[in-house]
Structure formats: structure tokens, C-alpha cells
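[1] how does the following fold in three dimensions:
(2 chains)
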Amino acid sequence: MKQQWLAIFVLGTTVGVLQVWFVEAPWHHIYSDIDGYMSRAFKLAFDEPLTALDTFIPLGLPAFYAVFLALFDGFGFEAIALAQILLMASVHVLVGMTAYLLVKDRTTALIAATLSVAYWPLTGQLSFYMAEPVCTFLVVAGQYCFVRFVCQRGFIWIVLAGLLFGLAATMKSQGWVFAIAVLMTLVFWPAARSKLAIWLPVFILATSMPLIIQSEKIKSVTGSTALLVVPGNGSYNMYNGQSARRGVGAWNNGMFHIFFTSNAYFDDGLLPPIAFEASIVNNTVFEEELAALWREDPVRQVLRMGVSASELFVLQPQWPLRNVEVYARLEVFFKYLALPLVYLPCFMLLWIKLKSRRLQPEFVYVALPIIGIMAVAALASGQPRYLNPFLPNLMILAAMGWGALLKSCAAAEG
Amino acid sequence: MVDLWVAGLLMGLAMLISAGVDRLYEPYRDPRIDGSQAHYQVHHEVLFWADLGRDGLVGERVNEQNTVVELDGFYRADPWPEREVSWSIGTRDMGRVRILLPAEAVNSSVRLFLADGDGFMRITLVQSGALTEIVHSHHDGVWVDFPVTAKDVARGSKEITVQKLTGDDARVSGLVLTSNEASL
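    Residues are numbered from 1 along each chain as shown, chains lettered A, B, ... in the order given. Here you go, the predicted model:
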């Protein structure tokens, strides 16, 4: 199928180039918290010292950007855009290749890759400098490696999967979801039991390596003595989501930091922004405020978690494309097209698997991250963009659903 | 085809559950109260009261003690429609309120009334000396209190800074100097 994959890659690259150069270029505007990512990228690229506040966000994406800024000098932004285009084109190919590994069926694999290319919001991410496109590539590549490991057992594949998920986790917490899904699959996979003692530590070690490097960098800045240090935005994000605020700010020593919840659909339902007299990296404050929310009204918080989890799946094609007004009508088109073309076949596949009582580990593995991101959304917030790195999994499952339907139709006719 | 129908039913069920959770959560969504703002009242001894932006920049309503207010960095803001306290002064960055205190100001407090009548996005930092108040979620308006200290009395004035943190601007609708023996 090499020719087909090459064709998908060329198509994906072409669509990406069209998106960036003819629809909206990422350097036309700075979206959301990317300002923070870029300022840290410049510091890393030109060897300027980081401050404790810089460790608020994961350092993986700034490090990735820093490579391009350092190497391409005045063309750093264009080089990043080109890299994002090539990574997203690779995502489309990997989606098809993963589907092929799962069902050994060309049609299903091509449906998956085509859905991935055709679902414009995935390509639309390329109009922005943000963590999602790079993280999406890393998790989809890691997933391909792990599925290949499950199907063909090559030791190198589980090492690669671990490294890629670890790298993804240094960019967005979604990387953790995929890594945890691997751990769950390994633990509950009967065939893996005899070799679990080897596979599990190997995978954990590989995943940990990028995280340890990030941790050491943070420790060198903050002077922390903890064993493994993660970026400081965890408690803040949980409070932000569970408080259902439009933004959460922190005022300290004359400096004010705030992140707004950029949830275009749900703004009307969010409470006004709030600010605390504290440093934004002071996790204790946000943990205490979160605990206070639960003490105040636990029922409200449980419902809020449910709302966040369901908001995640309100496909929001105008994000990230909402700045491109000329395509406003297409947003609606993609939103409603996704229901019959993606969600419905996913439910069909789920039903077929439940009916047949044959839940292969590789299928479970592709489905688990979807459940995982629901849990993360419930704990933090359900901005639909958080689903972006998981859309390829939905495409794979949808293609498998369509493939199963086509097979049953053919069997009925035959 | 049966599988397709069952899948449709399952998807419908998921959407129904989602809509149900959303409905149950509805009472917790912010109501954006457009109340009477009846709390814009002072029931006790008022030494000075100004409806800021109501009639000029400093619209004096009560001034029993010849108190003088100086404003720096504020403009008279457009009134908010359909609100009882529709007037206000605004600052897009930082504004300073300086009150020249009368001798009777010992054991008194300066109170500012801040509101967010339109955008619902305002967060305002109000500071005086070492005291800091971060004001948010004040669609209906909120009073912030700053006690007049012995230092203020000795100096003969009290200064309060109002700084916009988020929103279009920071808005102040009222300034009151009251005796601490009374409460708002």
C-alpha cells in the first residue's frame, strides 16, 4: 500500500499548504496562550535563563519551537508552519496504517486516512501555533508503534511508543492519557501476562525519559528537590475547569496572569472570571479553592464534570477556524457531517464488538484514550480542542465501523 | 442494517444523557442578575457621598464635612442602560482617588461601589496602602471598604488606586465616607 500512503501524504501536505498559505497563516495572529509558549521558545533558543513562572506550562512545545527558531533564524516561524504541515500529513498516513494493522483491510485503512484528511478541523489546526498539531503527531505515531507491537511483537516498537508518548506528555497532558491506556492494555491483556515483567518496565522507562529531562530542566529553574517535577499548571487547570469560570487570574507582586477559557460555544454558560492574590504557580491556592468548591456544593461539581465531559464531544469545527469568517458556513457542514460519518459508525463498531464479545486488545487500546480524555475533560475542562489529538482515534474506529458494515452488506448479498 | 439502527439508538441515548446532564446543570449557570441594585444604599452616618459620574465626574450628593475628592486617570463613562445605578467613572489602566479628609474622619471608612454592568468580564484591583481587594463577579455592584488609618488622618488624605485587570475598563459608581460606628 506504499503508493496509497504516499498519495495520502501528498494530499495531506497539499491541503495543509493551502490552509496555511491561502486560508490563514499562523503568523497573522497570536492565539491564546501561544504567546507564553513562544516567549519561552525564544529563551530556550537563545540560551536566556528561564524563571519560575516559565515552568507553569509544559516545556516540550517551547523546546520543539526553539529548535526551528535557532536553526532558521529569520525564517523560524515559516519553518515551524512547514514542520506542522508535514507532521499533520504524517498523521493522516499513520491513521490509515494503524487501521490497516488493526483490521488488515485496505478499504477500511483508506476510509480512515480519507476521513482524517477530509475532516478539515484537523488540518485547520495548522493555521495556529499551538501544542495540538505536534502532540497529535506524537500520540498517533506512538499509537501506531504500540498497535504494531501488539500485532507483531517487535521489542523496538514498545520502546518507540514509550518515547513518543513521553515526548507528547511534555507538550500536553493528553500524552499521559495514551500512556495510561497502554499500561491498562498491557495489564489486562492475557497474552501479555507472561512477559509483563519485561514489557511494563521497558515501556515505563521509555515514557519516563522525556519527562525526566523536562523535570530536570524545571528543577534547575525552581530549585525543587522532588524526584519528578511536572509543570505547575495542573491544579490551576483543574480549578479553571471545575469552577466553570471564563478565566482564572493570579495577581502577585504587581504581576497579573490570567488564562481565559476559550470555549466559543459555551461562554454564556460560564461564570465571570475570577482572580486570586497569589502566584500562578502556587498550586496550594488552587487546590484549596478547588476543595472549597466541592465542600460548597458537591452535586453541582458532579454535574459540572458531566457537562465538561459531554462538551468535549460537541465537535466545534469553528475552533480553531473561528477566526476565518469566510468559512463560517462550512463549520456547520462539518459539525453535522461528523455525526453520521464519524460518531454513528463508532457506535456501530462498539455495538458489534459488544455483541460478538470479542474485544481484541488493539481495539480496546484505540478506544481507551477516548474514555481517558473524557475523564480528563471531566476533571479539568471540556474544550472541544482538547479532543483534537484524539480525533484520529475516532476516525480509525469510524472506519472500522464502516468496514464492518460494508462486510456485512457484502455477506448479505453474497 | 439492524446494527446501524442499534448504533443510531445508542448514539441517540448518549445525546439524551448529555442533554439531561446539561439540563440538570442549568440552575448553576450564571444568571447575570439585573436586579434593582438596592444595596446601593447607606443607612447610617454619612460624612460624604458622591455618585461618581452621575452629574459630572464627582457628583456630590452628601457633603456635610466639606470633603474634597480628587480624581486622576478617570473619565466619565457612558451610562449602563436599564440599571438603577447606571452612572460610573472608568479607567482603562489605573485611576487614583484622593480624598482630603475632614477632621471628623477619625474612625471612619472610605467605601467604593464598583460594578460590571455590561461585559461581565471585569476584574479590578483596588488598593490603598497595604490593603488590596480584587473585585470580580460584580455584575450587580459591590462595595469595597478601606478603613481610614491614623496615618491617613495625620496626612489629611487617603489615596485609593483602582486598576483594571480584565475587561474593557474598571468602573466606580460611588464613593462614601462613613463613620465606623455605622455600617452599610
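[2] tell me which parts of chain A are close to chain B?
    A:244, A:246-247, A:249, A:251, A:256, A:258, A:268-277, A:297, A:300, A:303-304, A:306-307, A:310, A:313, A:339, A:343-345, A:347-348, A:350-352, A:355, A:401, A:404-405, A:408 (C-beta under 8 Å from any C-beta of the partner chain). In short, each C-beta sits where N, CA and C put it, glycine included.
[3] again, only using 6 Å
    By the rule C-beta under 6 Å from any C-beta of the partner chain, the part of chain A lying against chain B is A:249, A:256, A:269, A:271-275, A:277, A:300, A:303, A:306-307, A:310, A:343-344, A:347-348, A:351-352.
[4] how about the nearest residue to B:W80 once chain neighbours are set aside, phi and psi?
    The shortest distance from B:W80 to any non-neighbouring residue, by C-beta to C-beta, 6 or more residues apart in numbering or on different chains, is to B:G117 (3.5 Å). B:G117 has phi and psi values of phi -80, psi -10 when expressed as degrees, to the nearest 10.
[5] that older thread, and the residues of chain A next to chain B, which of them are in strands?
    A:249, A:256, A:274-275 (DSSP state E).
[6] returning to that earlier point: and the residue nearest to B:W80, how far is that from chain A?
    12 Å (C-beta to the nearest C-beta, to the nearest Å).
[7] isn't that residue right next to B:E82, touching?
    No - assessed by C-beta atoms under 6 Å, B:G117 is found out of contact with B:E82, at 9.0 Å.
[8] neighbour count winner among the two?
    Between B:G117 and B:E82, B:G117 has the larger neighbour count (other C-beta atoms under 10 Å in any protein chain shown), namely 23 against 8.
[9] how far away is the more buried one from B:V85?
    According to C-beta to C-beta, to the nearest Å, B:G117 and B:V85 sit 8 Å apart.
[10] also A:L50?
    46 Å.
[11] between the two, who's got more neighbours?
    A count of neighbours by other C-beta under 10 Å puts B:V85 above the other of A:L50 and B:V85, at 20 against 17.
[12] checking the more buried one next. Helix, strand or coil?
    With DSSP: H, G, I helix; E, B strand; the rest coil as the basis, B:V85 sits in coil.
[13] isn't it up against B:S173?
    Yes - with contact defined as C-beta under 6 Å, B:V85 reaches B:S173; the gap is 5.0 Å.
[14] if I pick residue 177, what's in contact with it?
    Since no chain was named, I'll use chain A. For A:V177, the contact set (C-beta atoms under 6 Å, 6 or more residues apart in numbering or on different chains) comprises A:369, A:372-373.
[15] chain B, not that one
    Going by C-beta under 6 Å, 6+ apart, B:L177 touches B:47-48, B:108, B:110.
[16] would JSON lines of those with pLDDT, neighbour count and distance to chain A be doable?
    Formatted as JSON lines, the contacts of B:L177 follow (pLDDT from 0 to 100; neighbours: other C-beta atoms under 10 Å in any protein chain shown; distance: C-beta to the nearest C-beta, whole Å):
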{"residue": "B:L47", "pLDDT": "85", "neighbour count": "22", "distance to chain A": "30"}
{"residue": "B:F48", "pLDDT": "88", "neighbour count": "24", "distance to chain A": "29"}
{"residue": "B:S108", "pLDDT": "89", "neighbour count": "25", "distance to chain A": "25"}
{"residue": "B:V110", "pLDDT": "93", "neighbour count": "26", "distance to chain A": "20"}
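[17] if I look at B:D72, how far off is A:V307?
    Separation of B:D72 from A:V307 (C-beta to C-beta): 45 Å.
[18] of those two, which one has the most company?
    A:V307 (25 against 12).
[19] pLDDT weak spots in the chain?
    You didn't pick a chain, so chain A it is. In the predicted model of chain A, residues A:30-32, A:262-268, A:315-333, A:414 satisfy pLDDT under 70.
[20] nope, chain B please
    B:31-35, B:43, B:60, B:64-65, B:181-184.
[21] need phi/psi at the closest residue to B:T132 other than its chain neighbours.
    Nearest residue to B:T132, sequence neighbours excluded (C-beta to C-beta, 6+ apart): A:E277, at 6.1 Å. Backbone torsions of A:E277, given as degrees, to the nearest 10, read phi -90, psi 90.
[22] how many neighbours does A:E277 have?
    12.
[23] got it, and A:V187?
    Neighbours around A:V187, by other C-beta under 10 Å: 11.
[24] which parts of chain B are helices?
    Along chain B, the segments classed as helices by DSSP state H run B:2-25, B:150-155.
[25] just the stretch 1-150 of chain A next, same as before
    For the stretch 1-150 of chain A, the helices defined by DSSP state H, counting those that start in this stretch occupy A:2-18, A:34-45, A:60-72, A:76-103, A:106-118, A:120-124, A:131-152.
[26] the residue lying closest to A:F390 once chain neighbours are set aside: how many residues sit nearby?
    Counting by C-beta to C-beta, 6+ apart, A:F390 lies nearest to A:I373, which is 5.1 Å off, once chain neighbours are set aside. Counted with other C-beta under 10 Å, the neighbours of A:I373 add up to 25.
[27] distance of A:I373 from chain B?
    15 Å.
[28] what's the answer for A:A99, then?
    Separation of A:A99 from chain B (C-beta to the nearest C-beta): 18 Å.
[29] thank you, goodbye.
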